[in-house]
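Asker: Quick one: sequence plus predicted model below, questions after.
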Amino acid sequence: MSASIFERTLASAAMVDVFADLAIVAAMLDFEGALAEAEGAEGVIPPGAVAAIAAACRETLDVDALVADARSAGSLAIPLVKRLTATVAARDAASAAYVHHGATSQDVIDTAMVLVTKKALVLIDADLERLSASLLALARAHIATPMLARTLMQPAQVISFGFKIVAWLAPLLRARERIARAQAAALRLQLGGAVGTLSSLGDKGPAVASRLAARLGLAAADGAWHVQRDDWVALGCEVAVLCGSLGKIGGDVALLAQAEVGEVAEPSGVGRGGSSAMPQKRNPVAAMTAIAAALRAPHRAAALLATMAPAHERGLGEWQAELAEWPSLFLAAHGALVALADAFDALEVNAGRMRDNIERQRGTVFAEPTAALLVASLGKAKAHELLATLSARAMSEGSDLRSLLRAEPALRGVDAGALDAAFDVDAAARRAGALAAAQLDRLAPSLPAAGPKR
């Protein structure tokens, strides 16, 4: 796969290597070599053919030539098998007849994609754990650090930063578990022959499939899944859901890092987050990468879902479209994971600015709990109306909601201690932190072993 220069900018080098053209062709050759060995072990092909085919599979093929020929052949496997056969024939003409014996193009390509996807998921899991560990450490360190909650992009009430982080972390933990279940179902050998019946292998078909799966380190399938794409597409969709959760984190970080908010900042460094025109800029590039992944993933997932209805026993265009979409989804997901994991390893948290932003709301973020105190004496509707009026006054006059309430004649009977408690910033943060801590306790079986020290 040759990703564009722009896609590679949003991807990790490691994931680009996993889905590189040479890597996919190498996986196809691994399939062909292991198939010959499995068939030889079952007496389907002669030992001499096994040795000749295995040796030929260790040679490098011209990938650009394969791609050029595949455009007219309709499948990358056709020119690959043709060249492999020619290579074997140069060594032993008789052995060439056994290349790709009993298999079909979709067998070799699907299995190759399973093999490289298995490696891709190892990368995703490692960096998902790394990001989760950093988030866990931050959540515990800031479990009671007061900050503003925002709803509809506006100041709402007081929560804790730890509470917010747990809302980022929990979906990642669930995504990790769902991906693990999905990959267990999807990462299976593909071997069915021309129409999925293994007819060319006769009664040796199941035994060959079992040996081949073991040699490749894959689970055997219940049968050919040439046109049964549910488990495979479900795995892709879980990766897309992960991208959505990463985009949520990226979006929040970007908003919190705005200079006028200033509550968090991505790590700084030479060449990181700069501007070609403005030397003072410090752009949140990790957040940007995560948001880009979340924007692209839905279209990839939709394309995968659209490919699930191939006609009869072999798709015409559906399977080919799936193959073209698949790598980009993993490139986006891992690029976002690495970017966020790197950023959260050293995220800068400005707890003082968080408190300052609460204070700038002049007590209005406590209007709801205060209204609850007044219901008994004023009734719900009047209490709500009064708090709305006084909150507007506090912001327009530069005064403080609590002071305005104390001066309100109708409220002289309200307990002063209860009123002060309703405006306690740290108490509100502790309540939010207690809920976050309880959620972490419930998530304990899924939590990473340890995170970086904070």
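Answerer: Thanks, I have it. Model, not experiment: these values are computed from the prediction. Numbering: from 1, shown residues only.
Asker: Quick one: mean pLDDT for stretch 72-88?
Answerer: Mean per-residue pLDDT for stretch 72-88: 97.
Asker: give me every residue that touches residue 237.
Answerer: Counting by Cβ atoms under 8 Å, 6 or more residues apart in numbering, residue 237 touches 301, 304-305. Yep, even glycine has a C-beta here, placed from its N, CA and C like the rest.
Asker: Residue 252 now?
Answerer: Shown in contact with residue 252 (Cβ under 8 Å, 6+ apart): 164, 168.
Asker: any idea how far residue 268 is from it?
Answerer: From residue 252 across to residue 268, the span is 19 Å (Cβ to Cβ, to the nearest Å).
Asker: Going by distance to residue 146, which of the contacts of residue 237 wins?
Answerer: Ranked by distance to residue 146 (Cβ to Cβ), those are led by residue 301 at 37.8 Å.
Asker: is it true that the closest one touches residue 238?
Answerer: No: using Cβ atoms under 8 Å, residue 301 is not in contact with residue 238, being 9.4 Å away.
Asker: Centre-most residue in this protein?
Answerer: residue 242 (3.3 Å; Cα atoms, centre = their mean).
Asker: which residues does that residue contact?
Answerer: Counted by Cβ under 8 Å, 6+ apart, residue 242 has contacts 124, 128, 172, 175, 179, 333, 337.
Asker: What of residue 350?
Answerer: Counting by Cβ under 8 Å, 6+ apart, residue 350 touches 262-265.
Asker: Low-confidence ranges, the protein, go.
Answerer: 1-2, 269-281, 450-454 (pLDDT under 70).
Asker: biggest helix in it by residues?
Answerer: helix 105-141 (DSSP state H).
Asker: Now do the next helix or strand after it: which elements does it pack against?
Answerer: Counting by DSSP states H and E, the next helix or strand C-terminal to helix 105-141 is strand 146-151. Applying 3 or more Cβ pairs under 8 Å, 6 or more residues apart in numbering; DSSP states H and E, one finds that strand 146-151 contacts strand 154-160, helix 161-186, helix 351-359, helix 425-442.
Asker: try 6 Å
Answerer: Counting by 3 or more Cβ pairs under 6 Å, 6 or more residues apart in numbering; DSSP states H and E, the packing neighbours recorded for strand 146-151 are strand 154-160, helix 351-359.
Asker: Pairing partners for it, with directions?
Answerer: strand 154-160 (antiparallel) (DSSP bridges).
Asker: Can you list the neighbours in contact with the partner strand?
Answerer: Here strand 154-160 makes contact (Cβ atoms under 6 Å, 6 or more residues apart in numbering) with 144-146, 148-150, 358, 361, 365, 425, 428-429, 432-433.
Asker: Tell me the secondary structure at residue 315.
Answerer: coil (DSSP: H, G, I helix; E, B strand; the rest coil).
Asker: Name the helix or strand for the spatially closest residue to it that is not a sequence neighbour, please.
Answerer: Distances taken as Cβ to Cβ, 6 or more residues apart in numbering place residue 227 nearest to residue 315, at 6.5 Å, with adjacent residues excluded. Residue 227 belongs to no helix or strand when elements are defined using DSSP H and E.
Asker: Also the one 10 residues further on?
Answerer: Assessed by DSSP H and E, residue 237 sits inside helix 230-256.
Asker: buried set for that helix?
Answerer: Residues of helix 230-256 classed as buried: 231-250, 252-254, 256 (neighbour count, 16 or more other Cβ atoms under 10 Å).
Asker: how far away is the most far-flung residue of the chain relative to its centre from residue 386?
Answerer: The centre of the chain is farthest from one residue, residue 409, which by Cα atoms, centre = their mean lies 56.1 Å away. Distance of residue 409 to residue 386, computed by Cβ to Cβ: 12 Å.
Asker: Looking at the backbone only, give me phi and psi for the residue nearest to residue 313 when sequence neighbours are not counted.
Answerer: The shortest distance from residue 313 to any non-neighbouring residue, by Cβ to Cβ, 6+ apart, is to residue 195 (4.7 Å). In terms of degrees, to the nearest 10, the main-chain angles of residue 195 are phi -130, psi 20.
Asker: that older thread, closest one of the contacts of residue 350 to residue 349?
Answerer: Of all the contacts of residue 350, residue 264 has the smallest distance to residue 349: 5.6 Å, by Cβ to Cβ.
Asker: which residues does that closest one bridge with?
Answerer: residue 349.
Asker: and it, what does it touch?
Answerer: 256-257, 347, 349 are the contacts of residue 264 under Cβ under 6 Å, 6+ apart.
Asker: Repeat that for residue 292.
Answerer: By Cβ under 6 Å, 6+ apart, the contact list for residue 292 reads residue 10.
Asker: re earlier: the residue nearest to residue 313 - how many residues pack around it?
Answerer: Look at residue 195: counted by other Cβ atoms under 10 Å, it has 14 neighbours.
Asker: cool, and residue 407?
Answerer: Neighbours of residue 407 using other Cβ under 10 Å come to 11.
Asker: so how far is residue 400 from it?
Answerer: Here the criterion is Cβ to Cβ. By it, residue 407 lies 10 Å from residue 400.
Asker: same thing with residue 76?
Answerer: 70 Å.
Asker: ok, these two, which is more surrounded?
Answerer: residue 76 (24 against 17).
Asker: which residues does that one contact?
Answerer: With contact set as Cβ under 6 Å, 6+ apart, residue 76 has these partners: residue 70.
Asker: domains in the chain, as residue ranges please.
Answerer: Split into domains by automatic domain parsing, the chain comes to 105-188+225-360+425-454, 364-422.
Asker: of all the ones you listed, which gets the most neighbours per residue?
Answerer: Highest mean neighbour count of these: domain 105-188+225-360+425-454, a mean of 19 (counted as mean count of other Cβ atoms under 10 Å).
Asker: Columns distance to residue 11 on top of the contacts of strand 154-160, output as a markdown table?
Answerer: Converted to a markdown table, those look like this (distance: Cβ to Cβ, whole Å):
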| residue | distance to residue 11 |
| --- | --- |
| 144 | 38 |
| 145 | 34 |
| 146 | 38 |
| 148 | 34 |
| 149 | 34 |
| 150 | 31 |
| 358 | 39 |
| 361 | 41 |
| 365 | 41 |
| 425 | 42 |
| 428 | 41 |
| 429 | 38 |
| 432 | 36 |
| 433 | 37 |
